Structures are given as C-alpha cells and as structure tokens.
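Colleague: Got a predicted structure plus its sequence, pasted below:
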Amino acid sequence: MSKDSNKNVKPPCPYYGKCGGCQLQNLSNKDQNLYKQKEAEKLLGKYGRVENILVMDDPYNYRNKIQYSFGYDKKGKIISGMYESNTHKIIDIDKCLIQDPIADEIIKTIKSIMKKYKMEPYNEDTRQGFLRHVLIKTGHKTGEVMVVVVTANHMFHGKKNFVKILRKKHPQISTVIQNINSKNTSMILGDRESNMYGKGYIEDILCGLRFRISSKSFYQINPSQTETLYNKAIEMAGFKGNERIIDAYCGIGTISLIVANKVKEVIGVELNGDAIQDAIRNSKINNINNVKFYKADAGEFMVGLASKNEKIDAVIMDPPRAGSDEAFLHSMCQLNPEKIVYISCNMETQARDLEYLVKNGYKVKGIQPVDMFPQTGHVECIALIQREIM
C-alpha cells in the first residue's frame, strides 16, 4: 500500500499538499497505521516478527514544540508559518492540527502587535529586518509555556511592554527569551540569549519524573507517546535490577533517569555539553543517585571501557536520524554487552545498523514500531538485540 492509495480521504488540514509536514493526512487513521506497519515489516521484517504498531487514540494536537518563520505576502501583510515543502516560501498558517493549540494563539497575538513594536520580519535575501522566528515549547503535564523570540540583532525596543501584552493575553506563558541570531544561516537559534521573563526554562513531567527544558534542549515532541515508547523499551529489555548499562546519545538524560530504578547503575554519554549539564540538573531535581553523565563521544567512551575490561550488561541507544556510524557500532561490539536496546526514528538506518550487529554476533529478539508522529510518514521503532552464545 502506498500513501497514494485509492483509499484516500479528504485531508482535514487546508494546508495539506503545500506544507509537506503531514504526508499521510490523505489517509484515514486506520490506513495510516496499516501503511506504517507495512513499512516496518518491509524494512525490518527479515530480522524477525514485527509487532503491531502502538498508536495514539487521538492523533492530533500532540506536538509540544513549534518554530515559525515570519515574512510578508504580496500585499505587504505580515504572515507566519512553515516553509512550503522544498522551498523558502512561507505558508501563512493560522492553525496546525498536530501542534498544541496554545501555540497557534500565541503566534496570532505576536503577529497582531509586531507593527506597534517595530518588529519587521527578517528578509533572508536582503538580510534586513528584525524578527526571524518564534519558537514555542509547552509542558504537556505542567502546562508551562516557553516563547523564544529569535531576532537578527539585540535591539528590542519596547520589549517590556511586548512581554506584558503577551502574558496578559496568555497567562500560561511562564518564560520569554530573546535569542539573537545575526548569522547568514538556516539554523533557527543563535548562540546568544537574553531572558526577558521567567526562569529561562520550562519543566515537564515524563514517566513520573520532572525534566528541565531549555530553548536548545532536545526533548521528544510527542510526550504521551514518548511514555509509551520508553515504557515498552524498558519492558522489552527485561532488566533484572543488577545490570550496569550505558545510555548512548543520552541528551538531557530522559531515558537514563527513567530506567534508573530498574537497574543497578546507568552511565549516560553525550557529546553536547549543554545537554549533559541539563542531564546532571535533572538527576538532582529527581534525587536519582545511580546515574553518572559524561560529556564524550559514545564510541570512544566505550572503547575506553573495553580496554579496561569493564563489564557493561546492556546499551540503550537512540541515535539521530542518520543512525550510528560503523566506528560506534564497532566500539559497542568491542564492549560486548549482552543486550542492546536500539530506539530509532529512521527505520532505514536502523535496518542498516542491525545488519552490522547481526554479522558481529548479535541476534534481533524483538521489533516494536511506535507511532510517535501521527499524520506524518515517520515511525519510531524499538529493536531488542541480544548477544548470541558462542
């Protein structure tokens, strides 16, 4: 079955076909799930049985993060939204069906007061203007909201009144940040930030633990399905309580801290220093003492452990979309853990990496797809991999 099947339905979103964000909205939810199941079976089925995909009951309004760009239409009206697929043309979006509705309302308020505060949209071609992007993050369980105003320079006239109006209309906003990005780049955020209101971060609760989220923190965009994903991964791993494990690509420490009460010790490894600082703070917030975080390349870190004959029982890995490189996989095989729990947002690179592991003494014991991104073509997948007895 393809997404161009004759079972197509009328997409509920008026921007479908232009935006490119929700590739499968022309299918019913049932057919979307079937499409994703077949994709998982096609890519990973040769390694074993692919379990039925775990789906959301209500597959809308799940995104806890949005980032919109700003510009002018042909009539000179300020518009905001996402870039049309494969272009830098902004689609003026009033409502996105997969993101938190509060974000749409905040964007409307910002658009309505931009002229008053001389917040001219930034033009990438002329490099003129002030407002480049607005990033909004919401705490699914806490209700806290962060607004990040990304500007081309630091001169924000009337910023106190801007914040005052924003919070009067949207009192759930708990922090407002100005991020300065003066570079000629497609990157959203710049290096400098100024806190205009609140703590400069928000918090959310995931699997019963509290996590601090800054403007640059990576945090899964679908928190309700993230709980499903992490709980299923831990269930599949079947930890007994005496294991010493590594969480590679640990980010701000979410899965490290969530799994901590199921094992003896967790070692979290991450190359991003800011993420490691967040992870350490999160361990303190939750009073968890059996997790240690290290800023390091995970592959090199594991080679170091192997050279000291350190025993690691399991590795949890959740790499970026590009998957792991061969150097990392080689390092992990040198460490020789009994189990590997491989969480991936790209089944193509996951299939490639599984092939390497299978050739190097491991066997795939379980495959569980999870629909983390309803309406889109993306699927998250857990693979449980176990060392074969030689």
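Modeller: Nice, thanks for sending it over. Numbers count the residues shown, from 1 in each chain.

Colleague: How far does the helix or strand harbouring residue 352 sit from its chain's centre?
Modeller: Residue 352 belongs to helix 347-359 when assigned by DSSP states H and E. The chain centre lies 22 Å from the centre of helix 347-359; the measure is Cα atoms, centre = their mean, to the nearest Å.

Colleague: Which positions in the helix or strand that that helix is followed by come out as buried?
Modeller: Past helix 347-359, further along toward the C-terminus, the next helix or strand under DSSP H and E is strand 362-370. Across strand 362-370, burial judged by 16 or more other Cβ atoms under 10 Å covers 362, 364, 366-370. (C-beta placed from N, C-alpha, C; glycine too.)

Colleague: Which one of those residues is nearest to residue 162?
Modeller: residue 370 (39.8 Å; Cβ to Cβ).

Colleague: Need the pLDDT of that closest one.
Modeller: The model reports residue 370 with a pLDDT of 98.

Colleague: how about the CA coordinates for the worst-scoring helix or strand of the chain on mean pLDDT, as PDB?
Modeller: Here the helix or strand of the chain ranked lowest by mean pLDDT, DSSP states H and E is helix 298-307, holding a mean of 89. What follows is helix 298-307 as a C-alpha-only set of coordinates in PDB (Å, rounded to 0.1, in the frame of the first residue of the first chain):
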ATOM      1  CA  ALA A 298      30.000   7.500  23.000                       C
ATOM      2  CA  GLY A 299      32.100   5.200  20.700                       C
ATOM      3  CA  GLU A 300      35.400   6.400  22.100                       C
ATOM      4  CA  PHE A 301      34.000   6.200  25.600                       C
ATOM      5  CA  MET A 302      33.000   2.500  25.100                       C
ATOM      6  CA  VAL A 303      36.400   1.600  23.600                       C
ATOM      7  CA  GLY A 304      38.000   3.100  26.800                       C
ATOM      8  CA  LEU A 305      35.700   0.900  29.000                       C
ATOM      9  CA  ALA A 306      36.500  -2.200  26.900                       C
ATOM     10  CA  SER A 307      40.300  -1.600  27.200                       C
END
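
Colleague: Report all helices and strands that it contacts.
Modeller: strand 244-248, strand 265-270, helix 326-335 (3 or more Cβ pairs under 8 Å, 6 or more residues apart in numbering; DSSP states H and E).

Colleague: mean confidence for the shortest one?
Modeller: Taken as a whole, strand 244-248 has an average pLDDT of 96.

Colleague: Use 94 as the first number for this chain going forward.
Modeller: With the count now opening at 94, the last piece we talked about shows up as strand 337-341.

Colleague: Next SSE downstream of it?
Modeller: Past strand 337-341, further along toward the C-terminus, the next helix or strand under DSSP H and E is helix 347-352.

Colleague: likewise the last one?
Modeller: Scanning the chain past helix 419-428 towards its C-terminal end, the next helix or strand to appear is strand 432-437 (assignment: DSSP H and E).

Colleague: For that next one, which strands pair with it and how are they oriented?
Modeller: Applying DSSP bridges to the sheet, strand 432-437 is found paired with strand 407-410 (parallel), strand 473-480 (antiparallel).

Colleague: SS state for the closest residue to residue 246 other than its chain neighbours?
Modeller: Nearest non-adjacent residue to residue 246, counting by Cβ to Cβ, 6 or more residues apart in numbering: residue 275, 6.0 Å away. When classified by DSSP: H, G, I helix; E, B strand; the rest coil, residue 275 comes out as coil.

Colleague: Who are the contact partners of residue 275?
Modeller: Neighbour list for residue 275: 245-246, 283 [criterion: Cβ atoms under 8 Å, 6 or more residues apart in numbering].

Colleague: quick one: it and residue 225, what's the gap?
Modeller: 9 Å (Cβ to Cβ, to the nearest Å).

Colleague: what do you get for residue 197?
Modeller: For residue 197 relative to residue 225 (Cβ to Cβ), the value is 19 Å.

Colleague: picking up where we left off before, what do residue 275 and residue 225 both touch?
Modeller: Contact criterion Cβ under 8 Å, 6+ apart; residues shared by residue 275 and residue 225: residue 245.

Colleague: Tell me where the stretch 94-243 of the chain has strands.
Modeller: Here the stretch 94-243 of the chain has its strands, by DSSP state E, counting those that start in this stretch, at 158-165, 171-176, 183-185, 224-231, 238-244.
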